[in-house]
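Asks: sequence and predicted structure, then a few things I'm wondering about:
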Amino acid sequence: MTSDRMRKLARALDLVAEKDRQELARQFALQQVRREAAAELHTICRRFVDELNSLTGQVKLDLSPAQFDAGHFQENSATLFQINLNGRLIQFTFRPTESMISTDNFRIPYTLEGHVSSFNQHMIEHDEIRDQRLFYCLERGINRWRYQEGGNGRNGFVDSDYIAALLERLT
């Protein structure tokens, strides 16, 4: 081989190595975003439960798990947070998307997806479990949890008002 060809090949290989390094850094950063997103959703639930519990006299909501931090997040399995009020349940279940970022099921790019289910015993007996899609969206520097309702496609942010509306439907 000529020395010119070898130099070109060496430069090309160096570029490949740099691209690989950049891709690994991007994947690591998105994994960190996922961990922080899981902790953020738990914090939203924890604040809701704590605030409502401070206002009620006869009932107490439970959040499971009671504690969660970013280090508990598992890339290879689903995560479940559950709010329970005497058998009235709101469940947030989510997992990483197959690719690091997806737009397959929602118009805004997202990196975590799942479901929000809300039900009580009566609803279980009558097959009336309410289920909405759940996404952790990456939007122009403002990453947020969003839900999407089934038939009408209506969507919004996951916050205390959203969780309150789900719980109101169960009472």
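Replies: Nice, thanks for sending it over.
Asks: which secondary structure elements does the helix or strand bottoming out on mean pLDDT in the chain sit against?
Replies: The least trusted helix or strand in the chain, going by mean pLDDT, DSSP states H and E, turns out to be helix 121-125, with a mean of 75. Packing contacts for helix 121-125, counted by 3 or more C-beta pairs under 8 Å, 6 or more residues apart in numbering; DSSP states H and E, involve no helix or strand. For every residue, glycine as well, the C-beta is placed using N, CA and C.
Asks: let me see the ranges of the strands in the chain.
Replies: 62-64, 79-85, 88-96, 110-119, 130-139, 142-148, 155-157 (DSSP state E).
Asks: so the longest helix anywhere in the chain versus strand 142-148, what angle?
Replies: When the chain is parsed with DSSP state H, its longest helix is helix 3-55. When axes from the mean of the first three to the mean of the last three C-alpha atoms, to 10 degrees is applied, the directions of helix 3-55 and strand 142-148 differ by 60 degrees.
Asks: angle of helix 3-55 against strand 88-96?
Replies: Using the same axes, to 10 degrees: helix 3-55 against strand 88-96 is 170 degrees.
Asks: name the helices or strands packed onto helix 3-55?
Replies: Checking 3+ C-beta pairs under 8 Å, 6+ apart, helix 3-55 ends up next to strand 62-64, strand 79-85, strand 88-96, strand 110-119, strand 130-139, strand 142-148, helix 160-170.
Asks: shaky segments in this protein?
Replies: For the chain, the stretches flagged by pLDDT under 70 are 1, 151.
Asks: recalculate using a threshold of 80.
Replies: Residue ranges of the chain with pLDDT under 80: 1-2, 14, 17, 20, 22-23, 25, 122-130, 141, 150-153.
Asks: correct me if wrong: residue 52 contacts residue 62.
Replies: No - counting by C-beta atoms under 8 Å, residue 52 does not reach residue 62; the two are 11.3 Å apart.
Asks: next, count neighbours for residue 77.
Replies: By the measure other C-beta atoms under 10 Å, the count of residues near residue 77 is 9.
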